[in-house]
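*Asks:* Need a 3D model of the following:
(one chain, ligands or ions: 1)
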Amino acid sequence: MQLQGFSQRLASGTQTEALRGAACRAQSRVLPSRPRAGASVEAPGHNIREDAHNRADMPGSDAFNARYVPFKSLQSGNGVSEQYSLDEVLYRAQDGGLLDVQHDMEALAKFDAAHWKKLFDSRIGTTAWPYGSGVWSKKEWVLPELSSDDIVSMFEGNSNLFWAERFGRQLGMSDLWVKQCGNSHTGSFKDLGMTVLVSQVNRLRKIKPEAVQAVGCASTGDTSAALSAYCAAAGIPSIVFLPADKISLAQLVQPIANGALVLSIDTDFDGCMKLIQEVTAASPIYLANSMNSLRLEGQKTAAIEILQQFNWQVPDWVIIPGGNLGNIYAFYKGFKMCMDLGLTDRLPRLVCAQAQNANPLYLAYQAGFDNFHPVKAKTTFASAIQIGDPVSIDRAVLALRETNGIVEEASEEELMDAAARADLTGMFNCPHTGVALSALTKLRERGVIAPSDRTVVVSTAHGLKFAQSKVAYHSKEIEGIVGKYANPPVQVKESVGDVMDAIRNKFSSM
Ligand SMILES: *Cc1c(COP(=O)(O)O)cnc(C)c1O
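*Replies:* Numbers count the residues shown, from 1 in each chain. Below is the predicted model of the structure:
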(Lines give C-alpha, C1' and ligand atoms only; values in the text may rest on other atoms or scores of the structure.)
Protein backbone atom coordinates (compact mmCIF):
# COMPACT_ATOMS: atom_id res chain seq x y z
CA MET A 1 0.00 0.00 0.00
CA GLN A 2 1.37 3.44 -0.86
CA LEU A 3 1.02 4.55 2.76
CA GLN A 4 3.97 2.38 3.59
CA GLY A 5 6.30 4.74 1.72
CA PHE A 6 4.36 7.65 3.15
CA SER A 7 4.98 6.51 6.70
CA GLN A 8 8.67 6.01 6.01
CA ARG A 9 9.00 9.54 4.62
CA LEU A 10 7.15 10.94 7.59
CA ALA A 11 9.09 9.03 10.18
CA SER A 12 12.29 11.06 10.40
CA GLY A 13 10.35 14.33 10.56
CA THR A 14 8.00 13.22 13.29
CA GLN A 15 10.76 11.94 15.50
CA THR A 16 12.57 15.27 15.57
CA GLU A 17 9.24 16.89 16.31
CA ALA A 18 8.66 14.52 19.22
CA LEU A 19 12.11 15.11 20.70
CA ARG A 20 11.77 18.86 20.31
CA GLY A 21 8.44 18.56 22.10
CA ALA A 22 10.11 16.67 24.92
CA ALA A 23 12.63 19.46 25.38
CA CYS A 24 9.87 22.09 25.59
CA ARG A 25 8.07 20.08 28.18
CA ALA A 26 11.17 19.65 30.26
CA GLN A 27 11.00 23.44 30.65
CA SER A 28 7.29 23.60 31.25
CA ARG A 29 7.48 21.13 34.12
CA VAL A 30 8.65 23.86 36.47
CA LEU A 31 5.47 25.81 35.80
CA PRO A 32 2.49 25.42 38.12
CA SER A 33 0.24 22.54 37.07
CA ARG A 34 -2.24 23.31 34.34
CA PRO A 35 -5.97 23.22 34.95
CA ARG A 36 -7.35 19.77 34.36
CA ALA A 37 -9.61 18.77 31.52
CA GLY A 38 -13.15 19.14 32.73
CA ALA A 39 -12.29 21.86 35.22
CA SER A 40 -14.72 24.67 34.57
CA VAL A 41 -13.20 28.06 33.85
CA GLU A 42 -16.11 29.84 35.58
CA ALA A 43 -15.74 27.79 38.73
CA PRO A 44 -12.05 27.30 39.41
CA GLY A 45 -12.77 25.95 42.87
CA HIS A 46 -14.89 23.08 41.56
CA ASN A 47 -12.10 20.54 41.17
CA ILE A 48 -10.63 21.30 44.53
CA ARG A 49 -13.96 20.90 46.28
CA GLU A 50 -14.62 17.61 44.49
CA ASP A 51 -11.16 16.40 45.43
CA ALA A 52 -11.75 17.29 49.04
CA HIS A 53 -15.05 15.43 48.90
CA ASN A 54 -13.32 12.34 47.56
CA ARG A 55 -10.62 12.54 50.18
CA ALA A 56 -13.20 12.82 52.91
CA ASP A 57 -14.64 9.54 51.64
CA MET A 58 -11.32 7.77 51.31
CA PRO A 59 -8.08 7.61 53.25
CA GLY A 60 -4.97 9.00 51.52
CA SER A 61 -3.35 7.13 48.66
CA ASP A 62 -0.75 5.67 51.06
CA ALA A 63 -3.46 3.41 52.49
CA PHE A 64 -3.36 1.13 49.45
CA ASN A 65 -0.52 -0.28 47.43
CA ALA A 66 0.31 -2.60 44.56
CA ARG A 67 3.45 -4.33 43.33
CA TYR A 68 4.75 -6.62 40.61
CA VAL A 69 4.87 -10.34 41.42
CA PRO A 70 5.58 -13.28 39.11
CA PHE A 71 2.39 -14.49 37.46
CA LYS A 72 3.51 -18.05 38.24
CA SER A 73 3.26 -17.47 41.98
CA LEU A 74 -0.46 -16.70 41.56
CA GLN A 75 -0.91 -19.89 39.55
CA SER A 76 0.82 -22.17 42.03
CA GLY A 77 -0.60 -20.52 45.15
CA ASN A 78 2.73 -21.20 46.86
CA GLY A 79 3.20 -17.63 47.96
CA VAL A 80 5.25 -14.87 46.43
CA SER A 81 8.97 -15.40 45.97
CA GLU A 82 9.82 -12.15 44.19
CA GLN A 83 8.21 -8.74 44.28
CA TYR A 84 9.05 -5.39 42.78
CA SER A 85 7.93 -1.79 43.06
CA LEU A 86 5.83 -0.50 40.18
CA ASP A 87 8.51 2.17 39.84
CA GLU A 88 10.92 -0.45 38.46
CA VAL A 89 11.28 -0.66 34.68
CA LEU A 90 10.50 -4.34 34.42
CA TYR A 91 8.48 -6.58 32.13
CA ARG A 92 9.40 -10.11 33.17
CA ALA A 93 10.17 -12.11 36.30
CA GLN A 94 13.66 -13.48 37.00
CA ASP A 95 12.93 -16.73 35.19
CA GLY A 96 11.62 -14.85 32.15
CA GLY A 97 7.97 -15.49 33.04
CA LEU A 98 5.14 -12.97 33.06
CA LEU A 99 4.57 -10.50 35.86
CA ASP A 100 1.29 -9.54 37.43
CA VAL A 101 0.21 -6.48 39.39
CA GLN A 102 -0.87 -7.63 42.82
CA HIS A 103 -2.92 -5.36 45.06
CA ASP A 104 -2.84 -5.24 48.84
CA MET A 105 -6.20 -6.95 49.20
CA GLU A 106 -6.16 -6.73 53.00
CA ALA A 107 -5.97 -2.97 52.85
CA LEU A 108 -8.77 -2.84 50.28
CA ALA A 109 -10.88 -5.25 52.34
CA LYS A 110 -10.86 -2.81 55.27
CA PHE A 111 -13.65 -1.12 53.34
CA ASP A 112 -16.79 -3.14 52.80
CA ALA A 113 -18.52 -3.88 49.51
CA ALA A 114 -21.17 -1.22 50.11
CA HIS A 115 -18.45 1.39 50.47
CA TRP A 116 -16.79 0.49 47.17
CA LYS A 117 -20.06 0.32 45.26
CA LYS A 118 -21.12 3.70 46.58
CA LEU A 119 -17.73 5.26 45.86
CA PHE A 120 -17.53 3.93 42.29
CA ASP A 121 -21.14 4.84 41.57
CA SER A 122 -20.59 8.37 42.92
CA ARG A 123 -17.82 9.03 40.43
CA ILE A 124 -19.74 8.26 37.23
CA GLY A 125 -19.88 11.31 35.03
CA THR A 126 -17.97 13.57 37.42
CA THR A 127 -15.55 16.19 36.16
CA ALA A 128 -13.35 15.84 39.25
CA TRP A 129 -9.95 14.82 37.91
CA PRO A 130 -9.33 11.96 37.26
CA TYR A 131 -12.44 10.15 38.51
CA GLY A 132 -14.66 10.84 35.49
CA SER A 133 -12.64 8.23 33.62
CA GLY A 134 -14.13 4.74 33.78
CA VAL A 135 -10.63 3.48 34.58
CA TRP A 136 -9.62 6.07 37.17
CA SER A 137 -13.00 6.00 38.88
CA LYS A 138 -11.54 2.74 40.23
CA LYS A 139 -8.12 4.29 40.93
CA GLU A 140 -7.69 2.57 44.33
CA TRP A 141 -7.98 -0.79 42.53
CA VAL A 142 -5.82 0.20 39.56
CA LEU A 143 -2.72 2.20 40.54
CA PRO A 144 -3.48 3.38 44.07
CA GLU A 145 -0.17 5.10 44.68
CA LEU A 146 -0.05 7.19 41.54
CA SER A 147 -0.54 10.92 42.06
CA SER A 148 -3.52 12.34 40.19
CA ASP A 149 -1.14 14.89 38.67
CA ASP A 150 0.74 12.12 36.86
CA ILE A 151 -2.36 10.60 35.28
CA VAL A 152 -2.72 10.85 31.50
CA SER A 153 -6.40 10.30 30.78
CA MET A 154 -8.96 11.09 28.10
CA PHE A 155 -11.86 10.03 30.32
CA GLU A 156 -11.84 6.61 28.67
CA GLY A 157 -14.21 3.84 29.72
CA ASN A 158 -17.81 4.31 30.84
CA SER A 159 -18.78 2.74 27.53
CA ASN A 160 -22.32 1.83 26.61
CA LEU A 161 -23.69 -1.57 27.52
CA PHE A 162 -25.98 -2.01 24.53
CA TRP A 163 -29.09 -4.10 25.01
CA ALA A 164 -29.07 -6.19 21.83
CA GLU A 165 -32.80 -6.70 21.94
CA ARG A 166 -33.50 -7.44 18.26
CA PHE A 167 -30.37 -9.50 17.64
CA GLY A 168 -31.01 -11.43 20.85
CA ARG A 169 -34.56 -12.18 19.74
CA GLN A 170 -33.24 -13.58 16.46
CA LEU A 171 -31.11 -15.99 18.50
CA GLY A 172 -34.00 -16.76 20.83
CA MET A 173 -32.44 -14.81 23.69
CA SER A 174 -33.99 -12.25 26.01
CA ASP A 175 -30.98 -10.95 27.88
CA LEU A 176 -28.19 -10.24 25.37
CA TRP A 177 -25.89 -7.25 25.76
CA VAL A 178 -22.91 -5.83 23.87
CA LYS A 179 -20.26 -3.95 25.85
CA GLN A 180 -19.13 -1.28 23.42
CA CYS A 181 -15.48 -0.99 24.42
CA GLY A 182 -14.68 0.35 20.94
CA ASN A 183 -16.65 3.55 21.60
CA SER A 184 -13.56 5.21 22.89
CA HIS A 185 -11.00 7.89 22.10
CA THR A 186 -8.96 5.85 19.62
CA GLY A 187 -11.77 3.42 18.79
CA SER A 188 -10.72 0.30 20.69
CA PHE A 189 -10.52 -1.05 24.25
CA LYS A 190 -6.76 -0.54 24.13
CA ASP A 191 -7.35 2.96 25.55
CA LEU A 192 -8.35 1.39 28.89
CA GLY A 193 -4.92 -0.17 29.33
CA MET A 194 -2.90 2.57 27.71
CA THR A 195 -4.07 5.29 30.09
CA VAL A 196 -2.61 3.23 32.94
CA LEU A 197 0.67 2.39 31.21
CA VAL A 198 1.32 5.91 29.95
CA SER A 199 0.41 7.40 33.34
CA GLN A 200 2.95 5.18 35.09
CA VAL A 201 5.53 6.03 32.40
CA ASN A 202 4.78 9.70 32.96
CA ARG A 203 5.69 9.21 36.62
CA LEU A 204 8.81 7.15 35.77
CA ARG A 205 10.06 9.91 33.47
CA LYS A 206 9.89 12.35 36.38
CA ILE A 207 11.72 10.12 38.87
CA LYS A 208 14.11 8.41 36.38
CA PRO A 209 14.40 10.67 33.33
CA GLU A 210 17.28 8.72 31.76
CA ALA A 211 15.54 5.34 32.03
CA VAL A 212 12.55 6.10 29.83
CA GLN A 213 13.16 8.30 26.81
CA ALA A 214 10.41 6.94 24.58
CA VAL A 215 7.70 4.29 24.61
CA GLY A 216 7.42 1.59 21.94
CA CYS A 217 5.07 -1.20 20.97
CA ALA A 218 4.57 -3.86 18.34
CA SER A 219 1.00 -3.77 17.24
CA THR A 220 -1.72 -5.22 15.10
CA GLY A 221 -2.98 -1.62 14.84
CA ASP A 222 -5.08 -0.67 17.83
CA THR A 223 -2.31 -0.72 20.43
CA SER A 224 -0.21 1.67 18.35
CA ALA A 225 -3.18 4.00 17.90
CA ALA A 226 -3.80 4.10 21.66
CA LEU A 227 -0.12 4.38 22.58
CA SER A 228 0.55 7.25 20.20
CA ALA A 229 -2.54 9.18 21.31
CA TYR A 230 -1.80 8.94 25.04
CA CYS A 231 1.89 9.68 24.50
CA ALA A 232 0.99 12.70 22.38
CA ALA A 233 -1.34 13.93 25.12
CA ALA A 234 1.51 13.69 27.65
CA GLY A 235 4.27 14.88 25.30
CA ILE A 236 6.14 11.57 25.42
CA PRO A 237 7.87 10.32 22.23
CA SER A 238 6.39 7.06 20.89
CA ILE A 239 7.60 4.43 18.41
CA VAL A 240 5.33 1.83 16.83
CA PHE A 241 6.32 -1.37 14.98
CA LEU A 242 3.61 -2.35 12.52
CA PRO A 243 3.44 -5.36 10.20
CA ALA A 244 3.40 -3.84 6.68
CA ASP A 245 0.05 -4.16 4.86
CA LYS A 246 -1.58 -6.11 7.70
CA ILE A 247 -3.52 -3.36 9.45
CA SER A 248 -6.41 -1.18 8.37
CA LEU A 249 -5.90 2.26 6.82
CA ALA A 250 -7.65 3.93 9.78
CA GLN A 251 -5.34 2.15 12.22
CA LEU A 252 -2.27 3.19 10.23
CA VAL A 253 -3.17 6.85 10.02
CA GLN A 254 -3.82 7.19 13.77
CA PRO A 255 -0.19 6.99 14.99
CA ILE A 256 0.93 8.99 11.95
CA ALA A 257 -1.45 11.78 12.95
CA ASN A 258 -0.34 11.64 16.58
CA GLY A 259 3.31 12.12 15.66
CA ALA A 260 4.68 8.66 16.53
CA LEU A 261 7.69 7.22 14.74
CA VAL A 262 5.86 4.65 12.60
CA LEU A 263 8.00 1.70 11.46
CA SER A 264 6.22 -0.35 8.85
CA ILE A 265 8.06 -3.68 8.88
CA ASP A 266 7.93 -6.42 6.30
CA THR A 267 6.84 -9.20 8.67
CA ASP A 268 3.79 -10.27 10.68
CA PHE A 269 2.82 -9.28 14.23
CA ASP A 270 4.81 -12.08 15.81
CA GLY A 271 7.89 -10.87 13.89
CA CYS A 272 7.36 -7.27 15.09
CA MET A 273 6.98 -8.52 18.66
CA LYS A 274 10.34 -10.33 18.55
CA LEU A 275 12.07 -7.24 17.15
CA ILE A 276 10.70 -4.82 19.71
CA GLN A 277 11.65 -7.06 22.61
CA GLU A 278 15.25 -6.97 21.42
CA VAL A 279 15.19 -3.23 20.80
CA THR A 280 13.67 -2.34 24.17
CA ALA A 281 16.06 -4.63 26.05
CA ALA A 282 18.98 -2.64 24.63
CA SER A 283 17.71 0.95 24.91
CA PRO A 284 15.78 3.37 27.14
CA ILE A 285 12.60 2.63 25.23
CA TYR A 286 9.78 1.47 27.45
CA LEU A 287 7.87 -1.60 26.19
CA ALA A 288 4.13 -1.05 25.94
CA ASN A 289 3.00 -4.49 24.78
CA SER A 290 0.37 -6.50 26.60
CA MET A 291 3.10 -8.61 28.15
CA ASN A 292 3.27 -5.43 30.24
CA SER A 293 0.98 -6.14 33.17
CA LEU A 294 0.13 -2.47 33.80
CA ARG A 295 -2.23 -2.38 30.82
CA LEU A 296 -4.30 -5.23 32.17
CA GLU A 297 -5.01 -3.19 35.30
CA GLY A 298 -6.86 -0.66 33.16
CA GLN A 299 -8.53 -3.25 30.95
CA LYS A 300 -9.95 -5.09 33.97
CA THR A 301 -12.11 -2.06 34.78
CA ALA A 302 -14.34 -2.94 31.80
CA ALA A 303 -15.41 -6.05 33.72
CA ILE A 304 -16.09 -4.02 36.87
CA GLU A 305 -18.05 -1.56 34.76
CA ILE A 306 -20.26 -4.34 33.36
CA LEU A 307 -21.13 -5.41 36.91
CA GLN A 308 -21.79 -1.82 37.87
CA GLN A 309 -24.06 -1.38 34.84
CA PHE A 310 -26.05 -4.45 35.94
CA ASN A 311 -26.34 -2.99 39.43
CA TRP A 312 -23.67 -5.45 40.63
CA GLN A 313 -25.44 -8.54 39.33
CA VAL A 314 -23.18 -11.07 37.64
CA PRO A 315 -23.97 -12.06 34.03
CA ASP A 316 -23.95 -15.75 33.12
CA TRP A 317 -21.62 -15.45 30.13
CA VAL A 318 -19.05 -12.97 28.82
CA ILE A 319 -17.69 -13.56 25.30
CA ILE A 320 -14.38 -11.92 24.41
CA PRO A 321 -12.43 -12.05 21.14
CA GLY A 322 -8.84 -13.09 21.90
CA GLY A 323 -5.49 -12.77 20.11
CA ASN A 324 -2.55 -12.09 22.39
CA LEU A 325 -4.92 -13.12 25.20
CA GLY A 326 -4.26 -10.33 27.68
CA ASN A 327 -7.81 -9.04 27.58
CA ILE A 328 -9.54 -12.25 28.56
CA TYR A 329 -7.31 -12.41 31.62
CA ALA A 330 -7.97 -8.74 32.39
CA PHE A 331 -11.72 -9.43 32.42
CA TYR A 332 -11.17 -12.40 34.71
CA LYS A 333 -9.10 -10.20 37.03
CA GLY A 334 -11.81 -7.55 37.21
CA PHE A 335 -14.54 -10.08 37.97
CA LYS A 336 -12.35 -11.91 40.48
CA MET A 337 -11.44 -8.75 42.37
CA CYS A 338 -15.12 -7.86 42.75
CA MET A 339 -15.82 -11.32 44.11
CA ASP A 340 -12.84 -11.33 46.46
CA LEU A 341 -13.86 -7.98 47.92
CA GLY A 342 -17.45 -9.11 48.39
CA LEU A 343 -19.11 -6.92 45.73
CA THR A 344 -20.35 -10.06 43.96
CA ASP A 345 -20.67 -13.70 44.91
CA ARG A 346 -19.66 -15.55 41.74
CA LEU A 347 -17.80 -15.33 38.42
CA PRO A 348 -19.40 -15.36 34.98
CA ARG A 349 -18.36 -18.11 32.56
CA LEU A 350 -15.89 -16.66 30.07
CA VAL A 351 -15.79 -17.55 26.38
CA CYS A 352 -12.71 -16.74 24.33
CA ALA A 353 -13.54 -16.35 20.63
CA GLN A 354 -10.74 -16.86 18.11
CA ALA A 355 -10.50 -16.53 14.36
CA GLN A 356 -10.07 -19.99 12.80
CA ASN A 357 -7.08 -18.56 10.91
CA ALA A 358 -5.29 -17.74 14.18
CA ASN A 359 -6.60 -20.27 16.69
CA PRO A 360 -3.79 -21.65 18.88
CA LEU A 361 -5.88 -21.32 22.06
CA TYR A 362 -8.84 -23.09 20.44
CA LEU A 363 -6.59 -26.00 19.45
CA ALA A 364 -5.13 -26.17 22.97
CA TYR A 365 -8.65 -26.08 24.48
CA GLN A 366 -9.70 -29.01 22.29
CA ALA A 367 -6.79 -30.95 23.79
CA GLY A 368 -7.67 -30.06 27.38
CA PHE A 369 -5.10 -27.22 27.60
CA ASP A 370 -2.43 -29.80 28.33
CA ASN A 371 0.02 -28.82 25.68
CA PHE A 372 0.01 -25.57 23.85
CA HIS A 373 1.58 -25.16 20.41
CA PRO A 374 1.99 -21.81 18.68
CA VAL A 375 0.70 -21.70 15.11
CA LYS A 376 1.61 -19.59 12.09
CA ALA A 377 -1.34 -17.21 11.95
CA LYS A 378 -3.04 -16.90 8.57
CA THR A 379 -4.57 -13.71 7.26
CA THR A 380 -7.88 -12.82 8.88
CA PHE A 381 -10.23 -9.84 8.58
CA ALA A 382 -10.02 -9.79 12.38
CA SER A 383 -6.50 -8.43 11.97
CA ALA A 384 -6.03 -7.40 15.61
CA ILE A 385 -6.21 -11.05 16.64
CA GLN A 386 -4.04 -12.44 13.85
CA ILE A 387 -1.55 -13.81 16.38
CA GLY A 388 -0.10 -17.31 16.37
CA ASP A 389 2.09 -17.17 19.46
CA PRO A 390 0.15 -15.30 22.17
CA VAL A 391 2.23 -13.74 24.95
CA SER A 392 -0.52 -14.19 27.56
CA ILE A 393 -1.32 -17.84 26.89
CA ASP A 394 -0.81 -18.83 30.54
CA ARG A 395 -2.95 -15.94 31.74
CA ALA A 396 -5.77 -17.01 29.40
CA VAL A 397 -5.64 -20.65 30.48
CA LEU A 398 -5.91 -19.59 34.13
CA ALA A 399 -8.88 -17.31 33.38
CA LEU A 400 -10.69 -20.07 31.46
CA ARG A 401 -9.99 -22.80 34.00
CA GLU A 402 -11.17 -20.64 36.90
CA THR A 403 -14.41 -19.66 35.17
CA ASN A 404 -15.30 -23.01 33.60
CA GLY A 405 -14.65 -21.22 30.33
CA ILE A 406 -15.00 -22.21 26.69
CA VAL A 407 -13.02 -21.42 23.54
CA GLU A 408 -14.86 -21.13 20.22
CA GLU A 409 -13.65 -20.25 16.74
CA ALA A 410 -15.08 -18.59 13.63
CA SER A 411 -14.15 -18.93 9.96
CA GLU A 412 -13.74 -15.80 7.82
CA GLU A 413 -17.20 -16.24 6.34
CA GLU A 414 -18.76 -16.88 9.76
CA LEU A 415 -17.21 -13.81 11.35
CA MET A 416 -18.10 -11.47 8.48
CA ASP A 417 -21.65 -12.85 8.32
CA ALA A 418 -22.13 -12.56 12.09
CA ALA A 419 -20.95 -8.93 12.09
CA ALA A 420 -23.18 -8.05 9.13
CA ARG A 421 -26.21 -9.86 10.55
CA ALA A 422 -25.90 -8.02 13.87
CA ASP A 423 -25.34 -4.73 12.01
CA LEU A 424 -28.82 -5.20 10.56
CA THR A 425 -30.15 -4.77 14.11
CA GLY A 426 -28.45 -1.42 14.61
CA MET A 427 -24.88 -2.23 15.59
CA PHE A 428 -21.79 -1.45 13.50
CA ASN A 429 -19.41 -4.25 14.30
CA CYS A 430 -15.71 -4.67 13.70
CA PRO A 431 -14.57 -8.13 12.50
CA HIS A 432 -13.29 -9.07 15.99
CA THR A 433 -16.71 -8.44 17.45
CA GLY A 434 -17.93 -10.55 14.52
CA VAL A 435 -15.78 -13.42 15.84
CA ALA A 436 -17.43 -13.08 19.26
CA LEU A 437 -20.92 -12.84 17.75
CA SER A 438 -20.27 -15.94 15.68
CA ALA A 439 -19.13 -17.80 18.81
CA LEU A 440 -22.32 -16.66 20.54
CA THR A 441 -24.45 -17.92 17.66
CA LYS A 442 -22.78 -21.34 17.72
CA LEU A 443 -23.03 -21.76 21.49
CA ARG A 444 -26.66 -20.70 21.40
CA GLU A 445 -27.45 -23.11 18.55
CA ARG A 446 -25.76 -25.96 20.41
CA GLY A 447 -27.82 -25.09 23.50
CA VAL A 448 -24.73 -24.35 25.61
CA ILE A 449 -26.04 -20.83 26.19
CA ALA A 450 -29.68 -21.03 27.29
CA PRO A 451 -32.41 -18.65 26.03
CA SER A 452 -32.66 -16.73 29.30
CA ASP A 453 -28.95 -16.64 30.15
CA ARG A 454 -27.70 -13.11 30.67
CA THR A 455 -24.91 -12.85 28.10
CA VAL A 456 -22.47 -10.06 27.34
CA VAL A 457 -20.51 -9.88 24.08
CA VAL A 458 -17.45 -7.67 24.34
CA SER A 459 -17.09 -5.45 21.28
CA THR A 460 -13.40 -4.60 21.14
CA ALA A 461 -13.18 -1.95 18.41
CA HIS A 462 -15.32 0.51 16.52
CA GLY A 463 -16.57 -0.75 13.16
CA LEU A 464 -15.50 2.48 11.48
CA LYS A 465 -11.87 1.42 11.87
CA PHE A 466 -12.64 -1.50 9.56
CA ALA A 467 -14.70 0.22 6.90
CA GLN A 468 -12.55 -1.27 4.10
CA SER A 469 -13.40 -4.90 4.85
CA LYS A 470 -17.04 -4.06 5.57
CA VAL A 471 -17.34 -2.31 2.21
CA ALA A 472 -15.73 -5.31 0.50
CA TYR A 473 -18.28 -7.63 2.17
CA HIS A 474 -21.27 -5.56 1.11
CA SER A 475 -19.88 -5.22 -2.42
CA LYS A 476 -19.57 -9.04 -2.52
CA GLU A 477 -15.93 -8.60 -3.50
CA ILE A 478 -14.44 -11.10 -1.07
CA GLU A 479 -13.28 -14.30 -2.70
CA GLY A 480 -14.78 -17.40 -1.12
CA ILE A 481 -17.43 -15.45 0.81
CA VAL A 482 -20.99 -15.35 -0.54
CA GLY A 483 -22.03 -12.27 1.43
CA LYS A 484 -25.31 -13.63 2.81
CA TYR A 485 -26.21 -10.30 4.44
CA ALA A 486 -24.64 -8.01 1.83
CA ASN A 487 -26.59 -4.85 1.12
CA PRO A 488 -24.85 -3.19 -1.83
CA PRO A 489 -25.92 0.31 -2.91
CA VAL A 490 -28.26 0.43 -5.91
CA GLN A 491 -27.06 2.49 -8.88
CA VAL A 492 -29.90 4.52 -10.40
CA LYS A 493 -30.21 7.23 -13.05
CA GLU A 494 -31.46 10.69 -12.11
CA SER A 495 -35.07 9.86 -12.94
CA VAL A 496 -38.15 9.58 -10.73
CA GLY A 497 -39.26 6.47 -12.63
CA ASP A 498 -35.97 4.66 -12.06
CA VAL A 499 -35.88 5.70 -8.43
CA MET A 500 -39.45 4.45 -7.87
CA ASP A 501 -38.60 1.17 -9.59
CA ALA A 502 -35.69 0.68 -7.25
CA ILE A 503 -37.86 1.43 -4.20
CA ARG A 504 -40.64 -0.96 -5.37
CA ASN A 505 -38.05 -3.59 -6.07
CA LYS A 506 -37.03 -3.49 -2.43
CA PHE A 507 -40.40 -2.84 -0.76
CA SER A 508 -43.00 -4.72 -2.80
CA SER A 509 -45.91 -3.11 -0.88
CA MET A 510 -45.19 0.33 -2.43
C1 LIG B 1 -6.11 -6.10 20.83
C2 LIG B 1 -7.41 -6.47 20.28
C3 LIG B 1 -8.00 -7.71 20.52
C4 LIG B 1 -7.30 -8.83 21.24
O5 LIG B 1 -6.99 -8.60 22.58
P6 LIG B 1 -5.88 -9.54 23.24
O7 LIG B 1 -5.67 -8.99 24.59
O8 LIG B 1 -4.67 -9.43 22.38
O9 LIG B 1 -6.44 -10.92 23.23
C10 LIG B 1 -9.26 -7.96 20.02
N11 LIG B 1 -9.91 -7.03 19.29
C12 LIG B 1 -9.38 -5.83 19.04
C13 LIG B 1 -10.14 -4.88 18.21
C14 LIG B 1 -8.11 -5.50 19.52
O15 LIG B 1 -7.58 -4.32 19.23
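*Asks:* For the ligand, what is the nearest residue in the stretch 101-250 of the chain?
*Replies:* residue 222 (3.3 Å; C-beta to the nearest ligand atom). Any C-beta I mention is one placed from the backbone N, CA and C, and that applies to glycine too.
*Asks:* Quick one: residues contacting that residue.
*Replies:* 186-190, 251, 384, 460-461, 465 (C-beta atoms under 8 Å, 6 or more residues apart in numbering).
*Asks:* Count residues in the vicinity of the nearest residue to it once chain neighbours are set aside, would you?
*Replies:* Excluding the flanking residues, the one nearest residue 222 by C-beta to C-beta, 6 or more residues apart in numbering is residue 188, at 3.8 Å. By other C-beta atoms under 10 Å, the residues close to residue 188 number 27.
*Asks:* Among the contacts of residue 222, which lie within strands?
*Replies:* Within those, no residue falls in strands by DSSP state E.
*Asks:* quick one, strands of the stretch 201-350 of the chain?
*Replies:* Remark: strands assigned in the stretch 201-350 of the chain by DSSP state E, counting those that start in this stretch are 214-218, 238-243, 261-265, 285-287, 317-321, 349-355.
*Asks:* Could you save the ones you listed as JSON lines and add columns showing mean pLDDT and mean neighbour count?
*Replies:* Converted to JSON lines, the strands of the stretch 201-350 of the chain look like this (pLDDT from 0 to 100; neighbours: other C-beta atoms under 10 Å):
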{"stretch": "strand 214-218", "mean pLDDT": "94", "mean neighbour count": "27"}
{"stretch": "strand 238-243", "mean pLDDT": "92", "mean neighbour count": "27"}
{"stretch": "strand 261-265", "mean pLDDT": "93", "mean neighbour count": "22"}
{"stretch": "strand 285-287", "mean pLDDT": "94", "mean neighbour count": "21"}
{"stretch": "strand 317-321", "mean pLDDT": "99", "mean neighbour count": "29"}
{"stretch": "strand 349-355", "mean pLDDT": "98", "mean neighbour count": "28"}
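*Asks:* Output these as TSV; include the columns distance to residue 166.
*Replies:* Output for the strands of the stretch 201-350 of the chain, formatted as TSV (distance: least, C-beta to C-beta, whole Å):
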stretch	distance to residue 166
strand 214-218	38
strand 238-243	37
strand 261-265	40
strand 285-287	43
strand 317-321	18
strand 349-355	21
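*Asks:* Could you pull up the residues touching the residue of the stretch 1-150 of the chain found nearest the ligand?
*Replies:* Using C-beta to the nearest ligand atom, residue 98 is the residue of the stretch 1-150 of the chain that sits closest to the ligand, at 13.0 Å. Counting by C-beta under 8 Å, 6+ apart, residue 98 touches 70-72, 92, 291, 293, 391-392, 394-395.
*Asks:* at 6 Å what do you get?
*Replies:* residue 71 (C-beta atoms under 6 Å, 6 or more residues apart in numbering).
*Asks:* what pairs with it across the strands?
*Replies:* Here residue 98 sits in beta bridges with residue 92, as judged by DSSP bridges.
*Asks:* Quick one, grab the pLDDT at it.
*Replies:* We have a pLDDT of 95 for residue 98.
*Asks:* For the stretch 401-510 of the chain, which residues are neighbours of the ligand?
*Replies:* Contact residues, the stretch 401-510 of the chain versus the ligand (C-beta under 6 Å from any ligand atom): 430, 432, 460-461.
*Asks:* just how off-centre is stretch 479-488 within its chain?
*Replies:* In terms of C-alpha atoms, centre = their mean, to the nearest Å, the centre of stretch 479-488 is set 29 Å apart from its chain centre.
*Asks:* Give me every residue in the chain that's in contact range of the ligand.
*Replies:* Within reach of the ligand by C-beta under 6 Å from any ligand atom, the chain has these residues: 188, 190, 222, 290, 321-327, 384-385, 430, 432, 460-461.
*Asks:* Quick check: closest non-adjacent residue to residue 175.
*Replies:* For residue 175, the spatially nearest residue (C-beta to C-beta, 6+ apart) is residue 454, at 4.3 Å.
*Asks:* in a helix, that's where residue 158 is, yeah?
*Replies:* No - Residue 158 is assigned coil when assessed by DSSP: H, G, I helix; E, B strand; the rest coil, not a helix.
*Asks:* Pull the number of nearby residues for it.
*Replies:* Other residues near residue 158 number 19, with proximity taken as other C-beta under 10 Å.
*Asks:* can you check residue 432 too?
*Replies:* The number of residues near residue 432, taken as other C-beta under 10 Å, comes to 32.
*Asks:* Ignoring the adjacent residues along the chain, who's closest to it?
*Replies:* Nearest to residue 432 is residue 321, by C-beta to C-beta, 6+ apart, at 4.2 Å.
*Asks:* Is it correct that that neighbour is in contact with residue 431?
*Replies:* No - applying C-beta atoms under 6 Å, one finds residue 321 not in contact with residue 431, separated by 8.9 Å.
*Asks:* which residue ranges form the helices in the stretch 51-200 of the chain?
*Replies:* 71-76, 105-108, 113-123, 139-142, 165-170, 190-207 (DSSP state H, counting those that start in this stretch).
*Asks:* and the longest one with strand 238-243, angle?
*Replies:* Using axes from the mean of the first three to the mean of the last three C-alpha atoms, to 10 degrees, the inter-axis angle of helix 190-207 relative to strand 238-243 is 140 degrees.
*Asks:* how about helix 190-207: buried residues?
*Replies:* For helix 190-207, a neighbour-count test (16 or more other C-beta atoms under 10 Å) marks 190-205 as buried.
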